[in-house]
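J.: sequence first, predicted model second:
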Protein chains: 2
Amino acid sequence: MASRIAKDIEGERAILEKCKEFMSAPVTDIEVLQQRKEDMSTRMEMLIMETQAAFCRALEEVDGGKFKVDRWQRKEGGGGISCVLQDGKVFEKAGVNVSVVYGSLTEEAAKQMRSRGKVLKGKDGKLPFRAMGVSSVIHPHNPHIPTVHFNYRYFEIEEEDGSKQWWFGGGTDLTPVYINQDDAAHFHGTLKEACDKHHAQYYPDFKKWCDRYFYVRHRDETRGIGGIFFDDLDGPSQEEAFGFVRSCAQTVVPCYVPIVRKHLSDSFTAAEKEWQQVRRGRYVEFNLVYDRGVKFGLATPGSRIESILMSLPLTARWEYMHEPPKGSREAEMLEVLRNPKDWV
Amino acid sequence: MASRIAKDIEGERAILEKCKEFMSAPVTDIEVLQQRKEDMSTRMEMLIMETQAAFCRALEEVDGGKFKVDRWQRKEGGGGISCVLQDGKVFEKAGVNVSVVYGSLTEEAAKQMRSRGKVLKGKDGKLPFRAMGVSSVIHPHNPHIPTVHFNYRYFEIEEEDGSKQWWFGGGTDLTPVYINQDDAAHFHGTLKEACDKHHAQYYPDFKKWCDRYFYVRHRDETRGIGGIFFDDLDGPSQEEAFGFVRSCAQTVVPCYVPIVRKHLSDSFTAAEKEWQQVRRGRYVEFNLVYDRGVKFGLATPGSRIESILMSLPLTARWEYMHEPPKGSREAEMLEVLRNPKDWV
């Protein structure tokens, strides 16, 4: 009994200590997190806050600038913390967002939440839910430094009989302006290593899923060179699924920051900068036309538009009939976007 | 009989003469147009080609540059003529597009074509259709010259029993970066005058429809200061509906070109240019997230993506949490976009 109390106090202190390192106080009151410290929703909220802080600090160190931190509340329940570094030395626009929202969903909305569209029964058609995640998009100035995106999320929903459905989703993917074989191998290799610790099929399956998800149909191109993407992950156990998501979230810095550092001083031409701007236009096309998260966010009452559209680049360009000359490095990039490759 | 033949020959010559003034040969063979010169589809194809030519010539005269003319074919039937002037002296990107397409639609697709969603019965579920239109978006460099958009279209579809359903749609609307009362009054006044010749309710009804259509829900703003918008126009007679559409199409030059000329030499600051870029970002948001024509185009097999996305500006910008200071001219613009006004 005494050791149980001691362990509880230790756990509560650990939460308090961790919170001091975050970009802001977490969305949920620290006392509530301490009381429910064993709950998956608490553990996940701590993980997304840690991920946000680790990624922001690593980028600040590279850039020299500071993230602007906005803490916002959602009228319908919950809120978020948006960190944005705009017009920095290295980053044109870097956004790292955490949100923790709750409330109740209609059965129709609940169905749309899952990519498999499973039917869930609610009490009087309403389902209490809790959703949280960390998401980020980083657009650097230098066209030799790729754009990165990641998102890790957890969802739980209560059915009529009181049972809880839960699942995780997420992924990390890279959008270079020019192909760099070593960068691609490093990025995918780091992800594969994290995946392989959990299941041999995770990397190959989630790599394919990523290429499918980030496909811009009207251009017949993928958005970038992929990475991993998964959704509806509800096994083998909640503990193991969380362990996998934690491994993924902990790779965002080692996946990306070494690539940024490597190219910090790369020189570039006006033509290379222009090609980056054209590719940024394509990024906007994917995000506004296809991305499920953006579509869902824009259509959801009470969502914070500025946090959803934080993913859009500071600048973009649409040139009529832009087609790079054959054999150019720009054409090489397009070739890869039209025929996704294996990188590891 | 002799006079009938003489009149026919005269009509055929008139078509031939008019075609010489177009930006390119029309989509339909000139001989076919001559044979079917009384058909509404011929008269409308001539009107959209004339409108394209008149607008392009007027803009070339202002800019000093020349439109690049692309003639393209649609595998499934028909084709189009895209005219683009990019990076001109006055215009950053100016696109004027004609398309004439035909083939057969499923009943579901036919239903989506009409904004009222009327159910049409096809032979074995298929409906032969013919659709044509002229559409244009002009993005100038100078933030004191507004962006303009117009589109005039005609649609016909054959039902199971051989009867033809037809309707017209269209509109012209203005998207300034700063409010200029005189420009707005000139633009709306010119449209109202064209409408009033046909029906006293057209301008007030289609002005309201325009404000509703170009509403960006997630921003709670309209795209610009409106103009007119209508769809499903199938009366009072085909002749009268066509007469109205012709009047509208003939106003595109007098609506817009005087405004361009007036502001040609207006000086502007870097801050004004940046506000223009932010507004361009919103333009992209409307076009990619809400515009029915773009959505339909991107989802339609065989459509020409470059012609559909011609409407996107050459450059755009997304600033996190951009909010103009109170009392500024930028705030005045936002105020109007949030509360559409009457201009005439």
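T.: Received, thanks.

J.: pull the contacting residues for residue A:205.
T.: Going by C-beta atoms under 8 Å, 6 or more residues apart in numbering or on different chains, residue A:205 touches residue A:230. C-betas here are computed from N, CA, C, even on glycine.

J.: from residue A:228, how far out is it?
T.: 9 Å (C-beta to C-beta, to the nearest Å).

J.: what's the answer for residue A:328, then?
T.: In terms of C-beta to C-beta, residue A:328 sits 30 Å off from residue A:228.

J.: higher neighbour count, these two?
T.: Neighbours were counted for residue A:328 and for residue A:228 using other C-beta atoms under 10 Å in any protein chain shown; residue A:228 has more, 25 against 12.

J.: surely that one meets residue A:191?
T.: Yes. Counting by C-beta atoms under 8 Å, residue A:191 is a contact partner of residue A:228 at 5.3 Å.

J.: anything in contact with each of the two?
T.: A:172, A:203, A:207, A:248.

J.: mind checking pLDDT for the residue in the stretch 1-150 of chain A that chain B sits nearest to?
T.: Here the residue of the stretch 1-150 of chain A nearest chain B is residue A:84; by C-beta to the nearest C-beta that distance is 4.6 Å. Residue A:84 carries a pLDDT value of 98.

J.: can you check residue A:8 too?
T.: Looking at residue A:8, its pLDDT reads 83.

J.: state the helix or strand in which it lies.
T.: helix A:2-21 (DSSP states H and E).

J.: report pLDDT for the residue lying closest to residue A:146 once chain neighbours are set aside.
T.: Closest residue to residue A:146 apart from its sequence neighbours, by C-beta to C-beta, 6 or more residues apart in numbering or on different chains: residue A:176 at 3.7 Å. Model confidence at residue A:176, given as pLDDT, is 98.

J.: who in the stretch 151-300 of chain A is up against chain B?
T.: Taking C-beta under 8 Å from any C-beta of the partner chain as the contact definition, the stretch 151-300 of chain A meets chain B at A:217, A:218, A:219, A:277, A:281, A:284, A:285, A:288, A:289, A:298.

J.: what's the neighbour count on the first one?
T.: Right, residue A:217. Neighbours of residue A:217 using other C-beta under 10 Å come to 11.

J.: how close does it get to residue A:104?
T.: When residue A:217 is compared with residue A:104 (using C-beta to C-beta), they lie 34 Å apart.

J.: ok, now which ones touch residue A:93?
T.: A:84-87, A:137-139, A:310, A:312-314, B:318, B:320.

J.: write the PyMOL selection for whichever of the residues you listed are buried.
T.: Typed into PyMOL, the line below selects the buried ones among the contacts of residue A:93, using 16 or more other C-beta atoms under 10 Å in any protein chain shown:
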select buried, (chain A and resi 84+85+86+137+138+139+310+312+313+314) or (chain B and resi 318+320)
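
J.: what's the closest of the contacts of residue A:93 to residue B:126?
T.: residue A:312 (40.7 Å; C-beta to C-beta).

J.: quick one, phi/psi of the closest one?
T.: Dihedral pair for residue A:312: phi -80, psi 140, per degrees, to the nearest 10.

J.: check contacts around it.
T.: A:93, A:283, A:284, A:287, A:288, B:281, B:318.

J.: could you dump these to a markdown table with distance to residue A:256?
T.: Converted to a markdown table, these look like this (distance: C-beta to C-beta, whole Å):
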| residue | distance to residue A:256 |
| --- | --- |
| A:93 | 15 |
| A:283 | 16 |
| A:284 | 21 |
| A:287 | 19 |
| A:288 | 24 |
| B:281 | 26 |
| B:318 | 21 |
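
J.: most neighbours of all those residues, which one?
T.: residue B:318 (26 neighbours).

J.: thought it was touching residue A:308?
T.: No. Here residue B:318 lies out of contact with residue A:308, judged by C-beta under 8 Å, at a distance of 11.4 Å.

J.: where does pLDDT dip in the stretch 101-250 of chain A?
T.: A:115-118 (pLDDT under 70).

J.: mind listing the strands for it?
T.: Listed in chain order, the strands of the stretch 101-250 of chain A (DSSP state E, counting those that start in this stretch) span A:126-140, A:147-158, A:164-175, A:215-216, A:221-222, A:226-233.

J.: of all those, which lies closest to residue B:271?
T.: Per C-beta to C-beta, nearest to residue B:271 of the strands of the stretch 101-250 of chain A: strand A:126-140, 22.3 Å.
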